[in-house]
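Enquirer: could you look at this predicted model? Sequence included:
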Amino acid sequence: MRLSLVFLMLILLPLATGVHAWLFCRENLPALTQEAVARLQAAGVRNPVVDVRFFDISISGAAPDPTARHKALTAIRALVPLRLQPGADRLYVVASLKATLNKDTLQLSGWLPEGNETADVRRLLTALRPDLTLRTDDLRTAPEVRWPEGIKPPLTAGSRMLKPILDMLRVPAELQITAKDDAIVLSGLLTATDVKEELVATLAEIAGSRVVDPAALKASPHVLPAAFAKPELLAAFVRAFFNAPPPRSFTIKSDGIPHLEGVATRQMESAWLALLRPVTGAAKVDARFTLVPSIYHFPGYQIQSKLPPATLDLLREALRGLTLVFDPGSARIPPLEQTKLATLAPTLLAAGPALGLVIGAHPDPAGPESVEKDIGKARAEAVLSFLIEQGVPTADVSAVVFDPVPAGSPSAPATPRSVELLIK
């Protein structure tokens, strides 16, 4: 009898174990599965998947970073009676890239797979925006990081991961050129390197002894196209504008409005604006020029005449403050002004044939332009004829009409109806 009971218990024990397991799976496994999902979500895992086979559990999902992944694994391992077997952990960290732009510094953060990915991203962004300081100390790598679906290394400018950053970094083109006595400095951002190279080459041709410094002018394909960056047309304007004596500057930014500063004559201003119009279209020009009658009135104008220093000093002193004033509407030299010229003649004779002189008439800006130009020319030629009569060598002496300067300007002559003699 006892032996029969033993055999019966041996037969019923597996059956009872199976029934217990079935009841456990039916009653407890769904709750344990839900608890596992909840723990993964609490750790920050996105799209968690839990598979429970009796007491064995396997998990998968995307953690935001390695710390969250470790937290999720710890929480699952603490869920008794389930067991996380080796190889059943398919949690991973999705590669991510974030960027913060603060003035001229770009700070990157996020996680990338181990390898050369950080260096590749740095090279790419540096090439696109060489004007920025790039910091990657918050951009880290880990072996459990994997690329998002559809992303393969190396990252390129067309990568979906980089698009939000590149969109943030796209900037309008701008250009500034400043000419000083010792250097011509270029700065700003351009789309194409060929425009930059053309500008640098153009300025090098006219710089003379000045240094052309293009270090602060960057060219990047990530700069927005600029209407003003027209090859040849922009260079033609730059050549003409910066061929005049310094100081002067040209600036154009995202609004497309060109800003010009410097010293100019009326003719120069007109010529520069004509060259600038095809470059900037109908944009209003902000021209802040100090107007002077001629190039010989530019601050720091370098005398070209090859005269001995002592002779040059005597000539400068003789011409200092010399102004020949004419009567209204007349080109005849008044007697008093003839006396001034006769007194000046010996000094001019002593200069010899190397004398380079410009006889310039100042027109009245308040009078009709054509009339004032004609009478100014007649006055300058009258002075030239008088000097010829005195025997002054005039091989390099010119009679011209200076550009009118508005009354009250710093460079306006004290008397509009006057003639001035300047050393070339």
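Expert: Received, thanks.
Enquirer: look up how far Leu276 lies from the spatially most central residue of the chain.
Expert: With distances taken as CA atoms, centre = their mean, Gly188 lies nearest the centre of the chain, 2.1 Å away. Look at Gly188 and Leu276: by CB to CB, to the nearest Å, they are 17 Å apart. For glycine as for every other residue, the C-beta is placed from the backbone atoms N, C-alpha and C.
Enquirer: phi, psi of Ala331?
Expert: When read as degrees, to the nearest 10, the backbone of Ala331 gives phi -110, psi 10.
Enquirer: ok, now which ones touch it?
Expert: Ala331 sits next to Ile375, Ala378, Arg379, Ala382 when contact means CB atoms under 8 Å, 6 or more residues apart in numbering.
Enquirer: thinking again about what came up before, and the residue nearest to the centre of the chain, what pLDDT?
Expert: For Gly188, the pLDDT comes out at 93.
Enquirer: that one bridge partners, please.
Expert: With DSSP bridges as the criterion, Gly188 is bridged to Leu175, Leu217.
Enquirer: that one and Leu217 touch, don't they?
Expert: Yes - Gly188 is within contact range of Leu217, at 5.6 Å (criterion: CB atoms under 8 Å).
Enquirer: I'd like the average pLDDT over stretch 235-244.
Expert: The model assigns stretch 235-244 a mean pLDDT of 96.
Enquirer: give me the common contacts of Gly188 and Leu217.
Expert: Common neighbours of Gly188 and Leu217 (CB under 8 Å, 6+ apart) are Leu175.
Enquirer: run me through the strand neighbours of the longest strand belonging to the chain, direction for each.
Expert: The residue-count maximum for a strand in the chain (DSSP state E) belongs to strand 83-94. Strand 83-94 pairs in its sheet with strand 56-63 (parallel), strand 145-146 (parallel), by DSSP bridges.
Enquirer: okay if I get the ones you listed as a markdown table plus distance to Pro353 and mean neighbour count?
Expert: As requested, the strands paired with strand 83-94 are exported to a markdown table (distance: least, CB to CB, whole Å; neighbours: other CB atoms under 10 Å):
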| stretch | distance to Pro353 | mean neighbour count |
| --- | --- | --- |
| strand 56-63 | 90 | 19 |
| strand 145-146 | 84 | 19 |
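Enquirer: show me the helices in the stretch 151-300 of the chain, by range?
Expert: 163-169, 193-206, 233-242, 266-280 (DSSP state H, counting those that start in this stretch).
Enquirer: list the buried residues in the second one.
Expert: If I follow you right, that is helix 193-206. Going by neighbour count (16 or more other CB atoms under 10 Å), the buried part of helix 193-206 is Val195, Lys196, Glu198, Leu199, Val200, Thr202, Leu203, Ile206.
Enquirer: quick check: mean pLDDT across it?
Expert: For helix 193-206, the per-residue pLDDT averages 94.
Enquirer: how far off centre is that helix?
Expert: Centre-to-centre, helix 193-206 and its host chain are 15 Å apart (CA atoms, centre = their mean, to the nearest Å).
Enquirer: could you name the helices and strands sitting against that helix?
Expert: strand 183-190, strand 211-219, helix 233-242 (3 or more CB pairs under 8 Å, 6 or more residues apart in numbering; DSSP states H and E).
Enquirer: where along the stretch 301-424 of the chain do the strands fall?
Expert: Taking DSSP state E, counting those that start in this stretch, the strands of the stretch 301-424 of the chain run over residues 323-325, 357-362, 397-401, 418-423.
Enquirer: among these, which is nearest Asp182?
Expert: Comparing the strands of the stretch 301-424 of the chain by their distance to Asp182 (CB to CB), the top pick is strand 418-423, with 24.1 Å.
Enquirer: outside of that closest one, which residues touch it?
Expert: Contacts of strand 418-423 (CB under 8 Å, 6+ apart): 293-294, 296-297, 303, 305, 312, 315-316, 319, 322-326, 344, 356-362, 379-380, 383, 402, 413.
Enquirer: now swap in stretch 363-375 and tell me
Expert: Applying CB under 8 Å, 6+ apart, the external contacts of stretch 363-375 come out as 329, 331, 361, 376, 401-402, 404-407, 412, 416-417.
Enquirer: swap in 10 Å and give it another go.
Expert: 266, 293, 326, 328-331, 361-362, 376-377, 379, 401-407, 409, 412-413, 415-418 (CB atoms under 10 Å, 6 or more residues apart in numbering).
Enquirer: one step back: and the buried residues of helix 193-206 as CSV, adding distance to Ser96?
Expert: Compiled in CSV, those are given as follows (distance: CB to CB, whole Å):
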residue, distance to Ser96
Val195, 36
Lys196, 35
Glu198, 41
Leu199, 40
Val200, 40
Thr202, 46
Leu203, 45
Ile206, 51
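Enquirer: Leu82: which of these is nearest?
Expert: Nearest member of the buried residues of helix 193-206 to Leu82, counting by CB to CB, is Lys196, at 64.6 Å.
Enquirer: nearest spatial neighbour of the closest one, skipping sequence neighbours?
Expert: Ala219 (4.6 Å; CB to CB, 6 or more residues apart in numbering).
Enquirer: then Thr323?
Expert: Per CB to CB, 6+ apart, closest to Thr323 is Ser418, 4.9 Å.
Enquirer: quickly list what that neighbour is bridged to.
Expert: Taking DSSP bridges, one finds Val325, His362 as the beta-bridge partners of Ser418.
Enquirer: what residues does Asp255 make contact with?
Expert: For Asp255, the contact set (CB under 10 Å, 6+ apart) comprises Pro172, Glu174, Ala283.
Enquirer: try Gly300
Expert: Asp181, Pro245, Pro246, Pro247, Val263.
Enquirer: what's the burial count for the first one?
Expert: Translated: Asp181. 10 (other CB atoms under 10 Å).
Enquirer: ok, it touching Arg248?
Expert: No - taking contacts as CB atoms under 10 Å, Asp181 lies outside contact range of Arg248: 11.2 Å.
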